[in-house]
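Participant: next input, structure requested:
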Amino acid sequence: MDGVSGFVEALRGRPLLGDGAMGTLAQATGARSEGAGTELALFAPELVAALHRRYLDAGAEVLQTHTYGAIRPRLARHGLAERVRDINLAAARLARQTIEDAAPGRPVFVAGSVSPATSPRAAAPVEAAAVRAAVREQVAALDEGGVDLVVLETFACAEELAAALEAAREVSDLPMIAQATFADEDGTPVTTRGETPEQVAAIVGALRPVAVGSNCTLGPQGLLAVVRRMATAVPDGVLVTALPNAGLPHVVSDRSVRFASDADHFGRYAAHYVAAGAHLIGGCCGTTPAHVVAAARALAAAPALDGVLTPTSALPARPVVVAGRGPVLDVGPADDAGPVEDARSDDGSASGPTVPGPGHGALATWLDARPGRRRSLLVAEATVPGSDDLAVSLARGRAALGAGAQVLWSARERSRRPRTTASAVAAALHDSTAADVMLTVTSWNTSRMTLQADLLGLDALGVHALVCETGNPPVHADRAVRDGVWEVDAVGLVELATSLARGVDPDGSPLPVACPFRVGVRVTPGSDDLDRELARVRTKVEAGAEYLVTRPVYELDRLRRVLEGLAATGIRLPVLLTVAPLSGFAEAEQLRHEVPDIVLPDAVLEGARSAGEDPGPGLELAADLVAEAVGEGLVDGVVVRRPGPPGALAEAVSHLGAALAVRT
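Facilitator: I've put the predicted structure just below:
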């Protein structure tokens, strides 16, 4: 039985385990390439073979060639267009030879990795005919090199994936696997073109590849929803694959990217994928041999897991993955939106009547109070991930004020699809409510001059409560997290805002009128490098920051350490504690294992496990945390973050506001 027919038979017979991220492993070795990285197969074959060997030793049954991006349009950017055949041929033979040397007689298959012909970052599109020719060229070289199958992966458009599949078949009879990549938008996984998993499964599945699946972008939990949905939509006989990222990416101090990574968590989800119907399970960005080992253990036990493996019905039906935090509450169908309908005025506008509140200036009053006389501030995040309906944010803001919030917050959403800007939402909230509105302002992808113009516009609109962040672009497929422009970072943004507040522009020229900005910055108690975090906060304070806002916190020990470290250097600023009540175990599990800069203790995770998807215990935990934090004098107020309909936010504001009463 040859490798080609053997692969199809093996895949249909039982789930197979793929390898992990060759690129991640190569970077971890310190290898540096001046080109696309795939040329390592030519110039550093011993390194590539050693990486394959590590995945083999971990238990991988399918090795992907180190050829993602080894296609003419991409290689041409690095002056390697004429080496397409050489690179792919060498990579295919290298993977095959590694198997023969390291695992003779073991049934391991070689998959030729083929990316989209152009990166999403390409300056201009490539003509369809040139794309098809490029796919044919690469697949022909991989076939010549002796691969057992071809994997078309990380495609962000079903039409492009289908066209690549057709082109590949023009030069090869090898089994084909076709994989799209999805990001979470509007509470559901979609491609860049807005296609759902069902649509991709139907469009690409109609061409009858051996399998249709998904890789990259989403972490283990987020990809499970994709697998389930694809499994219900593929044509009979077409299998499903699942190759998630290790977790969400994390940009560290040198602007390089690391992934939140938990091998045991990854292994558990490998078993969930099998239960959902996947036949090939592997890893994408951030996954290492440790992840493959964990997945191998889980898959080896899968046949005996009846009654032990969590059935798909017991897992969340639609975990919503938002960059930077875990799943959020399902807002339900439109008829469950409650007060949202009331947010529109008689003429259909989203403005509605002005809502009584504490009045504009509450933040300034809080900041200017003497420390011993400062009353706790209750802030509510009015914006909600995934919604582009201004009426939703306005309704949530009004509900929060009615429940006792003193200040509203308009947060920036990391989305690749067009959205109403956070500043527009902030202006609408400011105009329609008698309350201050805090606004997240980021410097990502914006020049200093544009930032200055934006700040002057916010001053004209009356929005003066700012929380300055450096910001990162949203994650999608092979668009690097560090894409974009950072002419200034959070420190530079603070300097700009505080300069305008003093009545001078960055060049020192006086303004007609000062912009009365009150500038806050983020502090991350969950950072894996608290020394750097402390140094960074000190720099922001020296630049002019007046108050601190934490990232979501689920325990107080690390916050205590941060505040003690700041106090040791003479920094004592008002602190707002961000609290995001857990919606259930699904969110707790993802936060613990997939989201960077979040520390979720064992006791909290186990409590959430016992509660299942009941949000009540999460709200009680948040209330206890608030009471403890303000009771100790660690913080001077709370930011309440709770996605969902207005009533859900109002419930959290009321409950957590009561917890603030422990401090008079």
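
Participant: hang on, P209 packs against L174?
Facilitator: No - if you go by C-beta atoms under 8 Å, P209 and L174 don't touch, sitting 10.7 Å apart. In short, each C-beta sits where N, CA and C put it, glycine included.

Participant: which one's more surrounded, these two?
Facilitator: Counted by other C-beta atoms under 10 Å, P209 and L174 do not tie: P209 has more neighbours, with 27 against 21.

Participant: SS state for that one?
Facilitator: At P209 the chain is in coil, as set by DSSP: H, G, I helix; E, B strand; the rest coil.

Participant: now do the contacts for it.
Facilitator: Contact analysis of P209 by C-beta atoms under 8 Å, 6 or more residues apart in numbering lists 165, 175-178, 238.

Participant: in strands, which of those appear?
Facilitator: Among the contacts of P209, DSSP state E puts 176-178 in strands.

Participant: ok so, going back, closest to E606 out of the contacts of P209?
Facilitator: The closest of those to E606 turns out to be I177 (C-beta to C-beta; 38.2 Å).

Participant: where's that closest one relative to V274, distance?
Facilitator: Noted for I177: a distance of 17 Å to V274, by C-beta to C-beta, to the nearest Å.

Participant: more neighbours, those two?
Facilitator: Taking other C-beta under 10 Å, I177 and V274 do not tie; I177 has more neighbours (29 against 22).

Participant: any idea what that one is bridged to?
Facilitator: Here I177 sits in beta bridges with V151, A211, going by DSSP bridges.

Participant: test my guess that it contacts F155.
Facilitator: No - between I177 and F155 there is no contact under C-beta under 8 Å: 11.5 Å.

Participant: G105 belongs to a helix, doesn't it?
Facilitator: No - according to three-state DSSP, the state of G105 is coil, so it is not within a helix.

Participant: pop out the phi and psi values for it.
Facilitator: Reported as degrees, to the nearest 10, the phi and psi values for G105 are phi 80, psi -10.

Participant: and if you look at A242?
Facilitator: The phi/psi pair for A242 (degrees, to the nearest 10) reads phi -150, psi 110.

Participant: give me the pLDDT value at it.
Facilitator: pLDDT, A242: 98.

Participant: show me the contacts for R536.
Facilitator: If you count contacts by C-beta under 8 Å, 6+ apart, R536 has none.

Participant: report the buried residues of the strand or helix carrying it.
Facilitator: R536 is located in helix 530-543, with elements delineated by DSSP states H and E. By neighbour count with 16 or more other C-beta atoms under 10 Å, helix 530-543 contains the buried residues 533-534, 536-538, 540-541, 543.

Participant: same question for stretch 598-606.
Facilitator: Neighbour counts using 16+ other C-beta under 10 Å place 598-600, 604-605 of stretch 598-606 among the buried residues.

Participant: swap in stretch 548-557?
Facilitator: 548-556.

Participant: now do G79 against M449, distance only.
Facilitator: Taken as C-beta to C-beta, the span from G79 to M449 is 35 Å.

Participant: actually, P646.
Facilitator: For P646, the distance to M449 equals 38 Å [C-beta to C-beta].

Participant: so those two - more neighbours on which side?
Facilitator: Neighbour totals were compared for P646 and M449, and P646 leads with 26 against 10 (other C-beta under 10 Å).

Participant: could you pull up the residues touching I99?
Facilitator: Taking C-beta under 8 Å, 6+ apart as the test, what I99 contacts is 52, 56, 63, 106, 108, 110.

Participant: just the buried ones out of those, please.
Facilitator: 52, 56, 63, 108, 110.

Participant: which member of the residues you listed is positioned nearest D431?
Facilitator: The closest of the buried ones among the contacts of I99, once distances to D431 are taken by C-beta to C-beta, is L63, at 58.9 Å.

Participant: quick one on the thing from earlier: for the contacts of I99, which one is nearest C284?
Facilitator: Using C-beta to C-beta, the contacts of I99 come closest to C284 at L63, 14.4 Å.

Participant: could I get the full set of helices for the stretch 501-650 of the chain?
Facilitator: Assigned by DSSP state H, counting those that start in this stretch, the stretch 501-650 of the chain shows helices spanning 530-543, 557-568, 585-594, 602-611, 616-631, 646-659.

Participant: my read: Y269 touches V226, true?
Facilitator: No - checked against C-beta under 8 Å, the pair Y269 and V226 is beyond contact range at 12.0 Å.

Participant: looking at these two, which is more packed in?
Facilitator: Neighbour comparison, Y269 and V226: the larger count goes to V226, with 31 against 28 (by other C-beta under 10 Å).

Participant: any idea how far stretch 513-529 is from the chain center?
Facilitator: Chain-centre distance of stretch 513-529: 22 Å, with C-alpha atoms, centre = their mean, to the nearest Å.

Participant: list buried residues within the contacts of P209.
Facilitator: 165, 175-178, 238.

Participant: need the buried residues of stretch 548-557 in JSON lines (columns: pLDDT and distance to T217).
Facilitator: Formatted as JSON lines, the buried residues of stretch 548-557 follow (pLDDT from 0 to 100; distance: C-beta to C-beta, whole Å):
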{"residue": "L548", "pLDDT": "98", "distance to T217": "32"}
{"residue": "V549", "pLDDT": "98", "distance to T217": "28"}
{"residue": "T550", "pLDDT": "97", "distance to T217": "27"}
{"residue": "R551", "pLDDT": "95", "distance to T217": "22"}
{"residue": "P552", "pLDDT": "96", "distance to T217": "22"}
{"residue": "V553", "pLDDT": "97", "distance to T217": "27"}
{"residue": "Y554", "pLDDT": "97", "distance to T217": "25"}
{"residue": "E555", "pLDDT": "96", "distance to T217": "29"}
{"residue": "L556", "pLDDT": "97", "distance to T217": "33"}
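
Participant: among the residues you listed, which one sits closest to V84?
Facilitator: Using C-beta to C-beta, these come closest to V84 at R551, 44.6 Å.

Participant: secondary structure class for A380?
Facilitator: strand.

Participant: looking at the closest residue to it other than its chain neighbours now. What's its pLDDT?
Facilitator: Counting by C-beta to C-beta, 6 or more residues apart in numbering, the nearest residue to A380 once its immediate chain neighbours are dropped is A400, at 3.5 Å. At A400, the model reports a pLDDT of 96.

Participant: so A400, which of the three states?
Facilitator: Look at A400: counting by three-state DSSP, its state is helix.

Participant: same question for A90.
Facilitator: Under three-state DSSP, A90 comes out as helix.

Participant: what residues are up against it?
Facilitator: A90 sits next to 41-42, 45, 145 when contact means C-beta under 8 Å, 6+ apart.

Participant: any idea how far it is from V84?
Facilitator: From A90 to V84 the distance is 11 Å (C-beta to C-beta).

Participant: cool, and R169?
Facilitator: 19 Å.

Participant: between these two, which is the more surrounded one?
Facilitator: It is V84, of R169 and V84, that has more neighbours when counted by other C-beta under 10 Å, with 23 against 18.

Participant: spatially nearest residue to A140, not counting backbone neighbours?
Facilitator: What sits nearest to A140 in space, not counting adjacent residues and going by C-beta to C-beta, 6+ apart, is V171, at 4.4 Å.

Participant: pLDDT weak spots in the stretch 401-550 of the chain?
Facilitator: Applying pLDDT under 70 to the stretch 401-550 of the chain flags the ranges 413-420, 473-486.

Participant: give me that answer again for 80
Facilitator: By pLDDT under 80, the low-scoring segments of the stretch 401-550 of the chain are 412-420, 444-446, 472-486, 506-507.

Participant: how about the longest strand along the chain, which residues are buried there?
Facilitator: In the chain, with assignment by DSSP E, the single longest strand is strand 433-442. Buried positions in strand 433-442, judged by neighbour count with 16+ other C-beta under 10 Å: 433, 435-442.

Participant: now swap in stretch 138-154 and tell me
Facilitator: 138-143, 145, 147-154.
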